[in-house]
Each structure stands twice: as structure tokens, then as C-alpha cells.
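Trainee: how would this look folded up:
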Amino acid sequence: MSVQQNTSNYVPEQAMPSAGPHDYPWLAAYPKTTRWDLPLKPELLPAVLDRSVALYGAKPATSFLGKTMTYAELGDAVNRAAKGLQALGVRPGITVGLLFPNCPPHIIFYYAILKAGGTVVNFNPLYTVEELSGQVKDSRIAMMVTLDLKVTFDKAEAMAKSGVLPRMIVCPFKDLLPSVKSVLFSALKGKDVAKWQGSPVRSKITTYREVTANDGRFTAPALAVEDVAVLQYTGGTTGTPKGAMLTHANLTCNVQQIDAWFAGTAKGEETFLCVIPFFHVFAMTGLMNYGLSIGAKLVMLPRFELVPALKLISKARPTVMAGVPTLFNALMNYPGIGKYDLSSLKYCISGGAPLPLEVKRGFEKISGCKLVEGYGLSETSPVTHINPLEGPVKEGSIGLPVPNTVMSLRALGEPEREVPLGEKGEICIAGPQVMKGYWMRPQETADAFIDGFFRTGDVAYMDADGFTYIVDRIKDLILCSGYNVYPRRIEEAIYEHPAVEEVTVIGIPDQYRGEAPKAYIKLRAGHTATGRDILAFLEPKLSRIEIPSEIEFRDALPKTLIGKLSKKELRQELEKGSAS
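Mentor: Below you'll find the model as predicted:
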């Protein structure tokens, strides 16, 4: 059964600013296999899955800890869940939360919610109950779908107890495993499973089997492509998280933009290794939605562990892997990497954070695979830029705008003015993948746009060939004696030191200069270096004002769940230290 859609009166939420091709420097370096002015067809997101179910029904769609589901089986599970959700009241205007690590139920309920007419809200299962409760209240979800594992169930139960969460749908983890593993899990890991049958909020709990015990003949809702499909909350590193309203058109156009860029993919034959969690916008679009659109097999890991991931690469033979720079850095620096076969990988995509040059070069050397950097944000569905797979690739660049995407660099503090090539400015984006706005925040939505362009908050410059180079985030700028100091520039210089594995630079209070850079460094195993060594190494590379005033060595640096180095915890430490 398919969902009815109305595309006859489609108008993009953020109309494309008018300009001629001569205004777009990136066209001269554009990949020969891709048209920048490619016609895009906005559609309802479930149509992406329905098409692949029809084309690749017998082929494997998912693989999870050894258990495989075909496209036909996935399509049937989605339709049954959609009918069950409608029986629970899901319809257009209703928001439903997903609280999962990577696993098949995340995909099933993501598409089932959309088929029922609802809106998906992705939640990070590692957030605290307090953080989750804030987003649950803000998004006004009618129910939360999660696993019966204590690590996720207990948080949902706590919100149900407090009255924040109206209803829960619980999926049994052991049913996701092959029969032998399921028995072993019950015997050895039973303590990890929540005793939800005796929960004080049992009346608010519906089971997966109850939701899917039907014939799958759901009632197709009347939806338009400009309706909101997903509320994607921003990371909140610079303030309270906001829900980016991503429409069906935003998400399906971004899938088509990615597909046009990777024109060499073999439809129905690729295998994607899904390490980044689907609740993150990078994996949601770049792995789940795009992978399903081309009939790929999605091999899922519920969490990233170095050796198990390497074993899975050798066994599952993925052709595509996406990750954040710290993931590729960890693989590159693992002493036993030579024991594992990475030859199946055609290409890897790095996103979510800037890719240091040393990581790109090092990973490509040990893997024999091209590592391509891309760029995007929650508010842009997310992809706006990717480096070409073939042709000119400029190291340190996020690449070129994807089809139908226009980038404008605006003067810092004067966003009405566009800066010339080579000059630093704020990246502003227009295109069909740009969000409808922030959920229930009209003023913040208005502030986020200038002349029809979304203001990203990232500072960059563009060269004569249209390649973009990010310098830093506006909010990450360190103001030293009135000068702008960019942490990324300092980090790139420190990464060149052979003893450094990871580095993060933040601004700290300085009595004389106002702010000064401080570097937190993790050294490679078996290497040594002192602060004096690092400073001597940096002296010819950085100006005096960019040299860190402090260097602190640590055994580990804080990271987000997807593996991005996180500055938030380091800033919080400084704030607590100042307060005490």
C-alpha cells in the first residue's frame, strides 16, 4: 500500500535565489558525471522505500548481528507497524519519538510513522533523562518507541512516570538476533533487559507484537511534500537544542542530490556499514535513506567498538562506510590494522566535523580507499557540499555545492554584504534541502535567514575554482586582543606533530588579551612530547597570537556519541573551575 501525495502545488520552502551560471565559480570544477542544475523531484519519503521494495524485494535490506531482513520483509513490517500506529492515533500533525541505537526497529518505525501520516522525532539514547524530557516536552510527542534494554527503557519509563511521556512502544531486543544468539543473549545478558511487565507505567506500554499484529492494510493519509517529516534537534552545543523542521521534500531532494554525486554506485548491489547512529542527521540521510533508495544492504552496528568493527568489515565486505574524523583516526592508529581486510571499501565519507589532513592521508594509505569529506547541518537535511570522487580534490576543502545548492559567503557582522572570492565570510545556503524553519520558534527562524539563505554560523572562504574551506564556527572564534583567532587553524597545525593523535582547542579567559587559545592533546600510543616540544614545533607555523597559552595532555578527549570531539565538556570544566 502506498501513501497518497499531492505535488501539484509544490513550492520550495526556501526559494532558490536567482543568479546566472557565471555567478557560480564551482561549475568549472564540477564532476563530469553530475549536473549542478539536475532536475529534482520532491516526493513523500515512504515512496523511496516502496520503490526499493518493488525493485529489490528478495535482496537483503538489513543485517544486524548476523540476522538479515529482505526488502520484502522490511516493507511488510513497515506497513504492519503503520497500521498499528494509526490504531494508536498516529495521523498528520502527530509527532512520535524514536529512542534507539542502530537496529532494524529504528528503520521500521521511522518509515511506519511517516506512512501513518505522523512526524518522526529522533532522540539520542545517551542523553540524560533531563535532556530527553526537555526535547519530549518541546516536540510534544504522543509516544516513544524504544527497546526493552534497560539502557533505553529505563529513561523512557522515567519520563512516563513523571507524566512527560504519554505512551511507550517497546521492542524486544532478543527478537532482533539469530535464534542461537537470541538464546545466548537471554541466558547471559538477561540482566540488561528491563522487567517492563511489572513496570508501574505498564498501562502506558504497548508491545511491538501488539502494534504489528495486523494485515498491514493501513489507511493512506493525504500528505503534501512540504509537510514536516522529521523534527531533527540540533546538537545544542551553543545553546538550547532547537527542532529543525525537515519536510518530505527536503529529505527526498537531499537523497537525490547525494545519488547524483555518487553516480557510480551499483543499484541493488552496494553494502553500507552503518556505524554512525541513525538518529544523527548525517546517518539518517547519508546511510539510511540514501542506502535504502539504491537498494543497498545496511549492515548495522549498535555502537562503535574498534576491533568488532574491523572484524565486521572483513566479514561483511562493505563497499561504503561513513564516519566522523575520529573514527577514521582510530582505525588509522590501531596497531593491528594490518590483520584486517579493508579491500572491499570503494569509498568512505567523512562528515560531522572537519577532517584533518593527516587523518585523510593516513587512512587512505592504510586502506587503499578514497576518503571524501562532505559538509552539512541538521538544518540542511544535511548535505550541502561534497568533494568530488574523481577529478580535482583539494585537501582541507569541504568540496563543492551539491546539485541545485547555492552558497553565498556573507561578511561577518554584516550579513547583507557578500564577500569576494578568497575572503572569509559566513557560509549561507539556499537549496531544496534547507529546512522549513525551527519548530515553534518564529523569531529564531527569521534570524536564521538572510535574503533567502540559511545562515550556518560557519566561517569559510572559497577559492577561484569554487572549493570551500571552513576556517571555524562564528561562536568558536577566540577573540585575542581584538583579533579573530580560529581554533581549527591551530588544531590543523598541532595535528602535523607526529606524536599527536587528537587535539581540541578552545578559548580561555586571559587577563591581558581577553581570551587566549588552550590546546587539549591526546598523544599517540608509544609516543611522548612535552608542552615545550609542541610550542617549539608550532613557532614557525603560527603567529604569536595563535600560539596556545596553555597545553594540557590527556589520556582521552571528550566526544559526542557519534565520535566527534566535543568542546562543550571542556568549556563546562572551565566554567566550574571559575565558579569555584
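Trainee: Quick one: the helices in the stretch 401-550 of the chain, in order.
Mentor: 442-447, 487-495, 531-538 (DSSP state H, counting those that start in this stretch).
Trainee: Lowest average pLDDT across the ones you listed?
Mentor: Mean pLDDT across those is lowest at helix 487-495; the value there is a mean of 91.
Trainee: any idea of the angle it forms with helix 531-538?
Mentor: Helix 487-495 and helix 531-538 are oriented at 110 degrees to each other (axes from the mean of the first three to the mean of the last three C-alpha atoms, to 10 degrees).
Trainee: I believe residue 54 is in a helix; please confirm or correct that.
Mentor: Yes: under DSSP: H, G, I helix; E, B strand; the rest coil, residue 54 sits within a helix.
Trainee: Enumerate every residue touching it.
Mentor: Counting by C-beta atoms under 8 Å, 6 or more residues apart in numbering, residue 54 makes contact with nothing. Where you see a C-beta, it was placed from the backbone N, CA and C, and this is true even at glycine.
Trainee: So for it, what's the pLDDT?
Mentor: 98.
Trainee: Cross-check the contact I'm expecting between residue 70 and residue 58.
Mentor: Yes: counting by C-beta atoms under 8 Å, residue 70 touches residue 58, with 5.9 Å between them.
Trainee: okay, these two: which has more neighbours?
Mentor: The neighbour count for residue 70 versus residue 58, taken as other C-beta atoms under 10 Å, is higher for residue 70 (17 against 8).
Trainee: Quick check: beta-bridge partners of that one?
Mentor: On the basis of DSSP bridges, residue 70 is bridged to residue 60.
Trainee: Spell out which helix or strand contains residue 292, please.
Mentor: Element membership for residue 292, per DSSP states H and E: helix 290-293.
Trainee: list the helices and strands the following helix or strand past that helix packs on?
Mentor: Following helix 290-293 in sequence order, the next helix or strand is strand 297-300 (DSSP H and E). For strand 297-300, the packing partners by 3 or more C-beta pairs under 8 Å, 6 or more residues apart in numbering; DSSP states H and E come out as strand 60-64, strand 271-274.
Trainee: about what we covered before: please identify the most buried of the helices of the stretch 401-550 of the chain.
Mentor: helix 487-495 (a mean of 21; mean count of other C-beta atoms under 10 Å).
Trainee: which ones are touching residue 404?
Mentor: 16, 36-38, 40, 253, 257, 431-432.
Trainee: before we move on, what about residue 205?
Mentor: So residue 205 contacts 167-170, 196, 199 (C-beta under 8 Å, 6+ apart).
Trainee: Now do the same for it: its pLDDT.
Mentor: With respect to pLDDT, residue 205 has a value of 98.
Trainee: Against residue 160, how distant is it?
Mentor: 8 Å (C-beta to C-beta, to the nearest Å).
Trainee: overlap in contacts of these two?
Mentor: 167-168.
Trainee: domain ranges for this structure?
Mentor: 70-224, 477-579 (automatic domain parsing).
Trainee: Comparing the ones you listed, which comes out most buried?
Mentor: domain 70-224 comes out most buried of the domains of the chain by mean count of other C-beta under 10 Å, with a mean of 19.
Trainee: How far does that domain stretch from one end to the other?
Mentor: 29 Å (C-alpha to C-alpha, to the nearest Å).
Trainee: Centre of the chain to that domain, how far?
Mentor: 21 Å (C-alpha atoms, centre = their mean, to the nearest Å).
Trainee: Work out for me the element residue 157 sits within.
Mentor: helix 150-162.
Trainee: Now do the helix or strand hosting residue 68, average pLDDT.
Mentor: Using DSSP H and E, residue 68 falls within strand 67-70. On average, the pLDDT along strand 67-70 is 97.
Trainee: All the strands of the stretch 401-550 of the chain, residue numbers only.
Mentor: Counting by DSSP state E, counting those that start in this stretch, the stretch 401-550 of the chain has strands at residues 406-411, 414-418, 425-430, 437-438, 449-450, 453-462, 468-473, 478-480, 483-485, 500-510, 514-523, 550-553.
Trainee: so what's residue 364 up against?
Mentor: 370-371.
Trainee: Next SSE downstream of the helix or strand hosting it?
Mentor: Assigned by DSSP H and E, residue 364 belongs to helix 357-367. With elements assigned by DSSP H and E, the helix or strand that comes after helix 357-367 is strand 370-376.
Trainee: could you say what helices and strands that following strand packs with?
Mentor: Looks like strand 370-376 contacts strand 347-350, helix 357-367, strand 383-386 (3+ C-beta pairs under 8 Å, 6+ apart).
Trainee: Spell out the residue ranges of the strands in the stretch 151-300 of the chain.
Mentor: 168-171, 205-207, 222-224, 228-233, 243-247, 271-274, 297-300.
Trainee: Quickly run through the sheet partners of the third one, with directions.
Mentor: Spelled out, that is strand 222-224. strand 4-6 (parallel).
Trainee: how about the CA coordinates for stretch 564-574, as CSV?
Mentor: C-alpha atoms of stretch 564-574 as CSV (Å, rounded to 0.1, in the frame of the first residue of the first chain):
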residue,chain,number,x,y,z
LYS,A,564,33.0,14.0,17.2
LEU,A,565,35.5,15.7,19.5
SER,A,566,33.4,17.8,21.9
LYS,A,567,34.4,21.2,23.2
LYS,A,568,31.2,21.5,25.4
GLU,A,569,32.5,19.4,28.2
LEU,A,570,35.9,21.2,28.3
ARG,A,571,34.1,24.6,28.4
GLN,A,572,31.9,23.3,31.2
GLU,A,573,35.0,22.3,33.2
LEU,A,574,36.4,25.8,32.8
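Trainee: Give me the helix or strand of this structure that scores worst on average pLDDT.
Mentor: Here the helix or strand of the chain ranked lowest by mean pLDDT, DSSP states H and E is strand 4-6, holding a mean of 44.
Trainee: pLDDT score for residue 274?
Mentor: At residue 274, pLDDT is 97.
Trainee: Report the distance from stretch 223-240 to the chain centre.
Mentor: Taking C-alpha atoms, centre = their mean, one finds the center of stretch 223-240 at 13 Å from the center of the full chain.
Trainee: Which residues are in contact with residue 78?
Mentor: So residue 78 contacts 46, 49, 107-108, 111-112, 115 (C-beta under 8 Å, 6+ apart).
Trainee: mind putting those in JSON lines, pLDDT included?
Mentor: Compiled in JSON lines, those are given as follows (pLDDT from 0 to 100):
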{"residue": "46", "pLDDT": "98"}
{"residue": "49", "pLDDT": "98"}
{"residue": "107", "pLDDT": "98"}
{"residue": "108", "pLDDT": "98"}
{"residue": "111", "pLDDT": "99"}
{"residue": "112", "pLDDT": "98"}
{"residue": "115", "pLDDT": "98"}
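Trainee: Could you tell me which of those belong to helices?
Mentor: 46, 49, 107-108, 111-112, 115 (DSSP state H).
Trainee: Among these, pick out the one closest to residue 563, please.
Mentor: The nearest member of these to residue 563, counting by C-beta to C-beta, is residue 107 at 21.3 Å.
Trainee: does the closest one really touch residue 283, like I thought?
Mentor: No: when contacts are counted by C-beta under 8 Å, residue 107 is not listed as touching residue 283 (11.3 Å).
Trainee: how about the nearest residue to residue 353 once chain neighbours are set aside, what does it touch?
Mentor: Counting by C-beta to C-beta, 6 or more residues apart in numbering, residue 353 lies nearest to residue 564, which is 4.6 Å off, once chain neighbours are set aside. Residue 564 is in contact with 324-326, 352-353, counting by C-beta under 8 Å, 6+ apart.
Trainee: Kindly recompute the last result at 6 Å.
Mentor: 324, 352-353 (C-beta atoms under 6 Å, 6 or more residues apart in numbering).
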